[in-house]
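>>> with the sequence up front, the predicted model follows.
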Amino acid sequence: MVADDTLFAKMPADRKQSDFGVMACHSCDRLHTIEPRAFGERALCSRCGTFLYRSVPDSINRCLALYIAALALLLMANFCSFITLDAGGTQVHSVLLTGAFSLFEQEMGVLGLVVIVTSVGFPAVVILGMLWLLLPASQGRRPWLMGPVFRLVQALMPWSLIGVFMLGTLVAAVKLQGLATVTPGFAVAAVVALMLVMAAARASFEPEAFWRVSGVRPPATTDILPGTLHLSCHDCGLLHIDDSPEKHSQCRRCGAGLHQRKTDSVQRTWALVASACLLLLPANIYPIMTVAKFGAGKPDTILSGVQGLISGGYWGLAFIVLFASLVVPLMKLLMLAYLLISVRRRSTWRPRDRTRLYQLTELVGAWSMIDIYLVALLTGLVQLGLLANVTPHVGAVFFCGVVVITMLAAHSFDPRLIWDEASKHDSAAGRPEKAVVSTV
Ligand SMILES: [Zn+2]
Ligand SMILES: [Zn+2]
């Protein structure tokens, strides 16, 4: 079934009915013709295999409904009871952000701020921004400030870490066993539902259907002539064709600055990788928190925390924390360094696999935040006077720096650099191709 209420409806009269335009792959810059796809099919890049586009029936209304549900769930998650601790008759109630606010009281304001913005602040901006865009678009109107709001949402989406926060809550609940009885409140269910609804909303969004209300459409296949330069917008993906790229310094559709490649990508990524490497050492040497029971307890580093989980018999969680806190940041820095060196050496070796490697570093990086959420949750929850107390330490701030900087490093790398050398020897480089169709 072809979804005719998506981007493929209402083609302008001056263009051939079969010409839906051309787009460039954002990972390797190969040009592809846009063609109608049945619901469930995904169009992939013929050269590097990156996802290009899909057709979702009634995408705008579907997304709108999901983001309205997400807003309701976010409010519930913040205002309902999150977790109740019961230790020897002493009850401690907490809401979602209790942990983050108690970090401010413990003079760990930076950490508290990171937890607040990534677990609630950015998801809230993403949800409200999408509602701002989708409400008028659902009525066929162009939203006010369409480009800037879309770009803000795009920039904040990778930093909305609700799923990671949920996993942090799970580890915190396990750590608290034996210390107190943990009763999850309604907000826990709301956060789980919010995570699923946000994932569904992201999957239902069809950018080309949404951008149709802007009145700017991608260039037609006939506009692509041999030898013309093309520039693809980093934010909305619109292809710009021109002999003189200086003519278009801004995207015609979203207003973002246009560049052939991300500006100073290699230098910027190297600087961030080096900074993260420097911070990795104090992050592992200094303790991240002290869990004191009956006034006694010693400071825990990331590794001794993992040992604690192992000696408690929680092998699965110990593996998750070890993987997220140590293996992921280290692997990510090594992978980025390797990619930067391979680009510098103008390598043409297995560019498809190197693109996969890059996509992996982007995907897994955020999961390292689990340790930061763990510290915040335990600090907020475990304030039981003499019975038990959790104090955060400076190691957590260093570790938070490592995670944030490695994420920034992955975002500043431009994967198209991997393909630039191979493109020079590729006669098909400037010709639009058909996308590969996948149903998986
Ligand atoms: Zn590609
Ligand atoms: Zn754009």
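Yes, it's here. Ligands and ions are numbered 1, 2, ... in the order given.

>>> so what's the residue count around the closest residue to Thr301 other than its chain neighbours?
Distance criterion Cβ to Cβ, 6 or more residues apart in numbering; nearest residue to Thr301, sequence neighbours excluded, is Pro287 at 5.2 Å. Heads up, the C-betas are built off the backbone N, CA and C, glycines and all. By the criterion of other Cβ atoms under 10 Å, Pro287 has 18 neighbours.

>>> on the three-state scheme, Pro287 is what?
Using DSSP: H, G, I helix; E, B strand; the rest coil, the structure places Pro287 in coil.

>>> let me see the contact set for it.
Under the criterion of Cβ atoms under 8 Å, 6 or more residues apart in numbering, the neighbours of Pro287 are 299-301, 304, 393, 395.

>>> enumerate the residues of the stretch 101-250 of the chain near ligand 2.
Contacts of the stretch 101-250 of the chain with ligand 2, taken as Cβ under 5 Å from the ion, map to 233, 235-236, 238.

>>> would you list every one of the helices in the stretch 151-300 of the chain?
Per DSSP state H, counting those that start in this stretch, the stretch 151-300 of the chain carries helices over the ranges 162-176, 186-204, 207-211, 265-285.

>>> may I have the last one as PDB, with CA atoms only?
Meaning helix 265-285. Provided in PDB are the C-alpha atoms of helix 265-285 (Å, rounded to 0.1, in the frame of the first residue of the first chain):
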ATOM      1  CA  SER A 265      35.200  19.000  12.000                       C
ATOM      2  CA  VAL A 266      38.600  17.200  12.300                       C
ATOM      3  CA  GLN A 267      40.300  19.800  14.500                       C
ATOM      4  CA  ARG A 268      37.300  20.200  16.700                       C
ATOM      5  CA  THR A 269      36.800  16.500  17.200                       C
ATOM      6  CA  TRP A 270      40.500  16.000  18.000                       C
ATOM      7  CA  ALA A 271      40.400  18.700  20.600                       C
ATOM      8  CA  LEU A 272      37.300  17.100  22.300                       C
ATOM      9  CA  VAL A 273      38.700  13.600  22.100                       C
ATOM     10  CA  ALA A 274      41.900  14.900  23.800                       C
ATOM     11  CA  SER A 275      40.000  16.700  26.600                       C
ATOM     12  CA  ALA A 276      37.900  13.600  27.300                       C
ATOM     13  CA  CYS A 277      41.000  11.400  27.500                       C
ATOM     14  CA  LEU A 278      42.500  13.800  30.100                       C
ATOM     15  CA  LEU A 279      39.300  13.800  32.200                       C
ATOM     16  CA  LEU A 280      39.000  10.000  32.000                       C
ATOM     17  CA  LEU A 281      41.900   9.600  34.500                       C
ATOM     18  CA  PRO A 282      40.500  11.700  37.400                       C
ATOM     19  CA  ALA A 283      37.100  10.300  36.700                       C
ATOM     20  CA  ASN A 284      38.300   6.800  37.500                       C
ATOM     21  CA  ILE A 285      40.800   7.700  40.300                       C
END
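
>>> state the pair within the residues of the stretch 101-250 of the chain next to ligand 2 that is farthest apart.
Taking Cβ to Cβ, the two most distant members of these are Asp235 and Leu238; they sit 8.9 Å apart.

>>> neighbour count: those two, which is higher?
The residue with more neighbours, out of Asp235 and Leu238, is Leu238; 25 against 19, by other Cβ under 10 Å.

>>> ok, the closest residue to that one other than its chain neighbours - contacts?
Nearest non-adjacent residue to Leu238, counting by Cβ to Cβ, 6+ apart: Arg253, 4.5 Å away. For Arg253, the contact set (Cβ under 8 Å, 6+ apart) comprises 147, 211, 214, 216, 233, 236, 238.

>>> who's in contact with the helix or strand encompassing Met23?
Secondary structure from DSSP states H and E places Met23 in strand 22-24. With Cβ under 8 Å, 6+ apart as the test, strand 22-24 has contacts from 30-34, 52-53, 218-221, 223-224, 230, 232, 237, 239, 432.

>>> show me which of those neighbour ligand 1.
Arg30.

>>> quick check: residues of this protein near ligand 1?
Applying Cβ under 5 Å from the ion, we find that the chain lies next to ligand 1 at 25, 27-28, 30, 45, 47-48, 50.

>>> give me the distance between the residue sitting nearest the centre point of the chain and ligand 1.
Central residue of the chain (Cα atoms, centre = their mean): Pro158, 2.1 Å from the mean position. Note on Pro158: its distance to ligand 1, by Cβ to the ion, to the nearest Å, is 20 Å.

>>> so what's that residue up against?
362, 366, 407, 411 are the contacts of Pro158 under Cβ under 8 Å, 6+ apart.

>>> on that earlier part again, intersection of neighbour lists for Asp235 and Leu238?
251, 254.

>>> now do the contacts for the residue nearest to Gly21 when sequence neighbours are not counted.
Sequence neighbours aside, Pro218 is the residue nearest to Gly21 in space, at 3.2 Å (criterion: Cβ to Cβ, 6+ apart). By Cβ under 8 Å, 6+ apart, the contact list for Pro218 reads 20-23, 34, 208, 238-239.
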